[in-house]
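Asker: Curious how this folds, go ahead:
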Amino acid sequence: MRYKFTKYHTIYSHLLCLLILFLFNDASCKYSFKDTSPIPVEVKTFRVNYFQNKAEYVNTQLCPQLTEKLKQKIISTTRLNQTNAEDAHYDISGYVSQYNTSTISISGSNSSGNRLTISFHLIFKNTLDEKKNFETDLTRTFDFSSTLNLTQAESSLNNDIVKNFVDEIFNKIFSNW
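Answerer: Model prediction:
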């Protein structure tokens, strides 16, 4: 015997689909990197010193934004407390060591693309375990159109620059990447 769908079956199947869709639409999946690498329980405080700019060209907005965004990221993703005391368990400092542009592509006799290269020298001190201290250089490149001058490119790239460096600094310190 063949089963025959009636208009009521169709209505019920549509209602069931809507109910399922509603339930799954309201469900959420949260994934977090809170305390990405186990931070020893004895580590309670951190200090981010104001980042300096030692590059030939100085982007006056970059260092203050890097400093503040890194503090915010550490506060929001770890259990550590910020301090300005010299005896902070994690002491983070550093400086922009390179900030320059170069041409990356030429079309005919004109430049069609430029690259901004930024290097940051990170200094990390763990006052509770000096074996964990390190210094490293982080370099990122950001491409932009040759139709933009450097000021225009900085304006459009600034959020990406800050986010990329903050993420990389954070990962170097807390994720052992």
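Asker: Show me what counts as buried in the lengthiest helix in the chain.
Answerer: In the chain, taking DSSP state H as the definition, the longest helix is helix 150-174. Buried residues in helix 150-174, counted by 16 or more other CB atoms under 10 Å: 153-154, 157, 161-162, 164-166, 168-170, 172-174. Every residue, glycine included, has its C-beta placed from N, CA and C.
Asker: tell me which of these is nearest to residue 39?
Answerer: Sorting those by distance to residue 39 puts residue 174 at the head of the list, at 7.0 Å, by CB to CB.
Asker: the bottom helix or strand of this protein by mean pLDDT?
Answerer: When the helices and strands of the chain are scored by mean pLDDT, DSSP states H and E, helix 7-26 comes last with a mean of 57.
Asker: Whichever helix or strand comes after that one pairs with which strands?
Answerer: In the C-terminal direction, the helix or strand that comes right after helix 7-26 (DSSP states H and E) is strand 45-48. As defined by DSSP bridges, the strand partners of strand 45-48 come to strand 81-82 (parallel), strand 90-107 (parallel).
Asker: avg pLDDT for the helix or strand harbouring residue 76?
Answerer: Per DSSP H and E, residue 76 falls inside helix 62-77. Mean pLDDT, helix 62-77: 97.
Asker: Put the alpha carbons of it into PDB.
Answerer: The C-alpha trace of helix 62-77 is given here as PDB (Å, rounded to 0.1, in the frame of the first residue of the first chain):
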ATOM      1  CA  LEU A  62      50.700  53.000  16.100                       C
ATOM      2  CA  CYS A  63      52.600  52.600  19.500                       C
ATOM      3  CA  PRO A  64      49.800  54.000  21.700                       C
ATOM      4  CA  GLN A  65      47.200  51.800  20.000                       C
ATOM      5  CA  LEU A  66      49.400  48.700  20.200                       C
ATOM      6  CA  THR A  67      50.100  49.300  23.900                       C
ATOM      7  CA  GLU A  68      46.400  49.800  24.800                       C
ATOM      8  CA  LYS A  69      45.000  47.000  22.600                       C
ATOM      9  CA  LEU A  70      47.500  44.500  24.000                       C
ATOM     10  CA  LYS A  71      46.500  45.500  27.600                       C
ATOM     11  CA  GLN A  72      42.800  45.100  26.700                       C
ATOM     12  CA  LYS A  73      43.400  41.700  25.100                       C
ATOM     13  CA  ILE A  74      45.300  40.300  28.100                       C
ATOM     14  CA  ILE A  75      42.700  41.600  30.500                       C
ATOM     15  CA  SER A  76      39.800  40.100  28.500                       C
ATOM     16  CA  THR A  77      41.300  36.700  27.700                       C
END
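Asker: Look up the closest residue to residue 92, ignoring the ones flanking it.
Answerer: residue 48 (4.8 Å; CB to CB, 6 or more residues apart in numbering).
Asker: Any regions of the protein where pLDDT drops low?
Answerer: Along the chain, the model assigns pLDDT under 70 to residues 1-37, 106-111, 176-177.
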